[in-house]
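Trainee: build me a model:
(2 chains, ligands or ions: 3)
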Amino acid sequence: MNRNESEVRLMKGNEAMAEAAIRVGIHAYFGYPITPQSEVLEYLMEEMPEDGGVVLQAESEVASINMVYGAAGAGTRVMTSSSSPGISLMQEGISYIAAAELPCLIVNVNRGGPGLGTIQPSQGDYFQSVKGGGHGDYRLLVLAPNSVQEMVDFVFEGFRLAEKYRNPILLLADGALGQMMEKVELPPAGSLPHVVPEWATRGKAANRSQNIVTSLHIEPENMEKVNIHLQAKYETMKVEVRSESLNTEDAEIVLVAYGLSARIAEKACDLAREKGIRAGLLRPITLFPYPEAAIGALAESGNVENFLVLEMNAGQMVEDVRLAVNGRKPVHFYGRMGGMIPSPEDVLHEIEKIVEHSSVKA
Amino acid sequence: MENTMISCENLVYDNHMHTLTGTAFHYCPGCGHGVAHKVIMEVVQEMGIQEQTVGVAPVGCSVFAYHYMNVDMQEAAHGRASAVATGIRRVLPDKFVFSYQGDGDLAAIGTAETIHTVNRGENILMIFVNNGIYGMTGGQMAPTTLAGAVTSTSPRGRDIAVSGSPIKITDMLAMLPGAYYVTRQSIHNPNAVRKLKKAIRLGFEYQKLKKGTCFIEVVSNCPSGWKMTPVESMKWMEENMFPYYPLGDIKLPAQPIPVNNN
Ligand SMILES: Cc1ncc(C[n+]2csc(CCOP(=O)(O)OP(=O)(O)O)c2C)c(N)n1
Ligand code: SF4
Ligand SMILES: [Mg+2]
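Mentor: Ligands and ions are numbered 1, 2, ... in the order given. Down below sits the predicted model:
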């Protein structure tokens, strides 16, 4: 395998993401096994070149995320990955990393919960991903891939954004994306150069003052200033918002879904169109920042009569859609929980119910 | 007694070091943390490794260690200093990395990280300041609090039947093959401070040779948490802590290297 060139391969999502991590030039990966993402650690252990980054199996996700803190604070490109219960264990460390403004990539291959739950795919960690998860006022920039290709692309995009904003990036996938095989184009190694930041703790050169990585600001006046700075940064991050529209121009009903749900929603829209229902899809690609403007514009559109949010959870992102729609149009929800994947036919049935009810009212 | 302790010939450190920032310590009068900080930085200065050293501060009274130690530092979450130090060590294999933790931090909330860091033989120096109490949060029972000792969360004295025995984590860690050099020192008199300094020097020297984890317990005091004067606390430490936590080397390398300690 020549990593200096781009390459097209058929790969599992988790393995493709791990290969992307090698190609983006991570200096270190720290992780702990958990289904459905253990292939990331396994692949890196097997494939990381001799002169490549450190790959270390930690004793827990608590240790992993704190190792990430240390290595990121030392100015290196570092990542970890896990699945829902492990990501819960990392929340304290993620809050510290966000507060200390350390760039890194954290991957959650979401499985069904709560509790130990199931190893089947789920989107039950939306709230945890975009509303905080750990303590304090912080935000992660959250990327939600819906294909193996995007799992790869968002490793590169994730580190670009992490280093640009000095912020942890969360790649939020799910068990199905991690396990499915698709054709994928892998970018060449070296396509995202890394620069050691001047704030890194690597030993105090005689000509500079100490570098300190900390989240402690004991005086409330200072702590508030830090918070104001962070909030201002999160505001500037909003230019990174990304979403994708499919057939929304003439849509009477707009489905809103991300990740695997968006693929199911896309199929359901096709089925609806075959039945003469003008259905379209809005797919948020960044979950923070959230594409509220794109959704708001659709809420303004004369064509759109209804929104249907599709999620593999009890209804989490639907709250953000309702905020963006702001009462202008009805927002409906359909979801399956606990690792169950809705079928396009199920979703079509929901679409038909909504459209029928709408026309009766009209 | 007080007069003899602060006399000139008992001055064990230089106050004008470039490895100290010069910021006045915020520690309570007579607290061992300040002494431990100074001794570590003396060694860093004498070895000329300030530019290659990265430290990790804990959560505890020494959370602001980086205000005083003039080296690059990271402040870890409570108990996670050794995991943070592992992260630094793995990406900067040729630097000097040390962690500095209290007993609550290292031997309670951070127990898992502590054990596995030593078990991997991370090539770092771990400094463990055991004052038998949670100083920072106002004197609660620590995992190391002696049997019968009164603290704010053991108002009738530590009851072994309820809370278990004070943990001798240093002895436990010495059993791990990853531990290269393990010693227990203190700060109660000038001679003890000199011995501590020698141990720290050894720890850094072994690190240079990539020998594995060096672990130094510093049995220390907490006059405020113990509700004693500094002098009383030193005496109490000698009479009560040392019998349970005896000073001296616990694990020595098979072939110790000669170290010139000036
Ligand atoms: C997760 C978490 N739990 C609890 C605390 C509160 N806390 C801060 S310091 C400390 C104990 C420190 O004791 P020790 O490590 O012995 O250090 P000392 O102050 O005695 O030097 C505790 C419980 C915290 N900061 N974070
Ligand atoms: S509370 Fe105890 S450990 Fe903390 S500074 Fe005071 S004497 Fe030292
Ligand atoms: Mg203590």
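
Trainee: please tell me how far the closest residue to residue A:217 other than its chain neighbours sits from ligand 2.
Mentor: Counting by Cβ to Cβ, 6 or more residues apart in numbering or on different chains, residue A:223 is the residue found nearest to residue A:217 once chain neighbours are left out, at 4.2 Å. In this view, the C-beta of every residue, glycine as well, is placed from N, C-alpha and C. Applying Cβ to the nearest ligand atom, to the nearest Å, the value for residue A:223 to ligand 2 is 22 Å.

Trainee: what is the burial count for residue A:223?
Mentor: Around residue A:223 there are 15 other residues, counting by other Cβ atoms under 10 Å in any protein chain shown.

Trainee: any idea which helix or strand comes after the helix or strand that contains it?
Mentor: Taking DSSP states H and E as the criterion, residue A:223 maps to helix A:220-236. Note on helix A:220-236: by DSSP H and E, the next helix or strand toward the C-terminus is strand A:243-246.

Trainee: strand partners of that next one, parallel vs antiparallel please.
Mentor: Strand A:243-246 sits in its sheet next to strand A:279-284 (antiparallel), going by DSSP bridges.

Trainee: and the residue lying closest to residue A:95 once chain neighbours are set aside, how far from ligand 3?
Mentor: Leaving aside its sequence neighbours, residue A:95 sits nearest to residue A:134 (Cβ to Cβ, 6+ apart; 3.1 Å). Distance, residue A:134 to ligand 3, using Cβ to the ion, to the nearest Å: 25 Å.

Trainee: what's the answer for residue B:103, then?
Mentor: Distance, residue B:103 to ligand 3, using Cβ to the ion: 4 Å.

Trainee: next, the contact list for that residue, please.
Mentor: Residue B:103 makes contact with B:128-133, B:142-144, according to Cβ atoms under 8 Å, 6 or more residues apart in numbering or on different chains.

Trainee: now do the helices in the stretch 151-300 of chain A.
Mentor: A:175-179, A:220-236, A:259-274, A:292-300 (DSSP state H, counting those that start in this stretch).

Trainee: where are the low-confidence patches of the stretch 201-350 of chain A?
Mentor: Along the stretch 201-350 of chain A, segments meeting pLDDT under 70 are nowhere present.

Trainee: how about the stretch 151-262 of chain B: which residue is closest to ligand 1?
Mentor: When scored by Cβ to the nearest ligand atom, the stretch 151-262 of chain B has residue B:222 as its residue closest to ligand 1, at 6.0 Å.

Trainee: return the per-residue confidence for that residue.
Mentor: Per-residue pLDDT puts residue B:222 at 98.

Trainee: what about stretch A:124-133, start to end distance?
Mentor: Its start and end residues considered, stretch A:124-133 measures 12 Å (Cα to Cα, to the nearest Å).

Trainee: does chain B sit close to it?
Mentor: No: Stretch A:124-133 lies apart from chain B when judged by Cβ under 8 Å from any Cβ of the partner chain; the minimum separation is 14.8 Å.

Trainee: I'd like to know how far residue B:61 sits from chain A.
Mentor: Applying Cβ to the nearest Cβ, to the nearest Å, the value for residue B:61 to chain A is 13 Å.

Trainee: my guess is that residue contacts residue B:100. True?
Mentor: No: the pair residue B:61 / residue B:100 is not scored as a contact, 11.0 Å apart, by Cβ atoms under 8 Å.

Trainee: the residue of the stretch 151-262 of chain B closest to ligand 1: how many residues sit nearby?
Mentor: Using other Cβ under 10 Å as the criterion, the residues surrounding residue B:222 number 28.

Trainee: same deal with the one 4 residues further on?
Mentor: A total of 21 residues lie near residue B:226 under the criterion other Cβ under 10 Å.

Trainee: what residues are up against it?
Mentor: Taking Cβ under 8 Å, 6+ apart as the contact definition, residue B:226 lies against B:133, B:139, B:233, B:236.
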